[in-house]
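Visitor: From the sequence below, what's the structure:
(chains A, B, C and D)
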2 protein chains.
Amino acid sequence: MTNLDTNRAFNREAQYAAKRRAVIRSASGAFRRRGYHNTSMVLIAQSLGLSKAALYYYVKSKEEILYECHIMVYDAMDAAVKSVRGQGDTGLGKLQLLYGAFAHLLTRDGLGLLADVDSLKGEFQTTVLKRRGSIERAVTRIVKQGMSDGSIKKADARVTVYFLMGALNWLNVWYEPGGRLSGEHIADAFVTQMSQGIAK
Amino acid sequence: MTNLDTNRAFNREAQYAAKRRAVIRSASGAFRRRGYHNTSMVLIAQSLGLSKAALYYYVKSKEEILYECHIMVYDAMDAAVKSVRGQGDTGLGKLQLLYGAFAHLLTRDGLGLLADVDSLKGEFQTTVLKRRGSIERAVTRIVKQGMSDGSIKKADARVTVYFLMGALNWLNVWYEPGGRLSGEHIADAFVTQMSQGIAK
DNA sequence: AGATTATTCGACCATAAAGTCAATCTATGG
DNA sequence: CCATAGATTGACTTTATGGTCGAATAATCT
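Guide: Residues are numbered from 1 along each chain as shown, chains lettered A, B, ... in the order given. Take a look at the predicted model:
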């Protein structure tokens, strides 16, 4: 096996992985715009110039696509959580960085939080709920930290977090990529609004 | 035709209307919990102790049920908007009343904002979007009023409103009637958070 | 070039769930 | 107690769509 061989083989795998990702990304957009159940496999296929059958070469089921869409977002969010570790002096400072990062993910980066968790079954649903819970807990932890260090006003942390996450989730419905409002603009506005809402 | 007749006839109609409402209400809850597409007509029927066929005596289609669910919420919200007319001295004061009323609707009163607008077609969808737009415009108007009278900090009113409406919409996902958090509690927290987020 | 493997497709199958309908049961009025 | 209108049903049809499969095509290796 020559070096070229492994390069080729690698290329193959990379090609496959790239196309698989393309399927997920394309579906993700369609799901966000039209909803999971209003998006047929044929439509996803067409938007990629493929036949429906070809899709199943890259993916085991429609549900798996939805699952991967969720995972994609939560991976990005986990990365954001990790990236603010150490940064930001107070809890509020940390939260500002994190919340801004979230807003960027969901606008500039074209990712979309999906609400369709109920369409996932069994293991898929369990995992996704776990991931969502994990994110929420991370945010809650920061909020509580802020309440301890005096940067955030004391209140029910759970409600606070749900309030903030809700605003983010609603982006799916109204944010249009390339529209009047840029991701930066929105992220700024959200961070400001969030900060003032909870700062002490 | 005696007086009794008209009473009876009225009773019939009232009975019919009441049962129809029961169908909508029951479906509304199921839609909120499981999602529109994950809720079959058979399930709705069962939860009312009826057969699926009987449902179609009260309702023309599943889509019509979804439509009515939306309308129910928007009617309630319109009423809330009307009820704060005249009340509240500043824009912020008005908004506090309204936002609290909204939060109450969506918790205590068991109504649920649905995001499934994409599952509605044609006239149905148009109307629902119109109603949603109308509510958003009403809220925007109040926010702008607040920005004029100095009670609300100047910012992009549209983004502000979306932010606030998003937090409300997310209630569907996490609020559980009869759970640890009462509707009152949540409404209070939301109003506080909202106020501080935008007050000058 | 020929063999082998990766990719794609047309045509089909399976099924869940919406929607229909003639027949039945139930209440109301005379 | 019969007649009529209201209410409900079981059994059926229809349809949309997710998913499968063997064959065909394209790419890669020796």
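
Visitor: how about the residue nearest in space to the middle of chain A, what does it touch?
Guide: Geometric centre of chain A, nearest residue: residue A:73, 2.4 Å, by Cα atoms, centre = their mean. When contacts are counted by Cβ atoms under 8 Å, 6 or more residues apart in numbering or on different chains, residue A:73 touches A:105, A:111, A:112, A:113, A:114. All C-beta atoms are positioned from the backbone trio N, CA, C, and that covers glycine.

Visitor: So which of these are in strands?
Guide: Using DSSP state E, the subset of those located in strands is empty.

Visitor: List just the nearest of these to DNA strand C.
Guide: Checking the contacts of residue A:73 against DNA strand C with Cβ to the nearest atom of the strand, the nearest one is residue A:114 at 19.3 Å.

Visitor: The closest one against residue A:31, yeah?
Guide: Yes - between residue A:114 and residue A:31 there is a contact under Cβ atoms under 8 Å: 6.1 Å.

Visitor: Look at those two and report which has more neighbours.
Guide: Neighbour totals were compared for residue A:114 and residue A:31, and residue A:31 leads with 23 against 20 (other Cβ atoms under 10 Å in any protein chain shown).

Visitor: so the more buried one is in which element?
Guide: Element membership for residue A:31, per DSSP states H and E: helix A:3-34.

Visitor: before we move on, what about residue A:108?
Guide: Applying DSSP H and E as the criterion places residue A:108 outside every helix and strand.

Visitor: what sits against it?
Guide: With contact set as Cβ under 8 Å, 6+ apart, residue A:108 has these partners: A:182, A:183, A:184, A:187.

Visitor: pLDDT score assigned to the first one?
Guide: Model confidence at residue A:182, expressed as pLDDT, equals 92.

Visitor: and what of the last one?
Guide: Looking at residue A:187, its pLDDT stands at 96.

Visitor: That one reaches residue A:96, doesn't it?
Guide: No - because the distance of 10.4 Å does not satisfy Cβ under 8 Å, residue A:187 is recorded as not touching residue A:96.

Visitor: that older thread, so which of the contacts of residue A:108 belong to helices?
Guide: A:183, A:184, A:187 (DSSP state H).

Visitor: Of those - the most surrounded one?
Guide: Highest neighbour count within these: residue A:187, with 20 neighbours (other Cβ under 10 Å).

Visitor: Please give me every residue in contact with the residue nearest to residue A:30 when sequence neighbours are not counted.
Guide: The spatially closest residue to residue A:30, leaving aside those adjacent along the chain, is residue A:39, at 4.5 Å (Cβ to Cβ, 6 or more residues apart in numbering or on different chains). Contacts for residue A:39 (Cβ under 8 Å, 6+ apart) come out as A:27, A:30, A:31.
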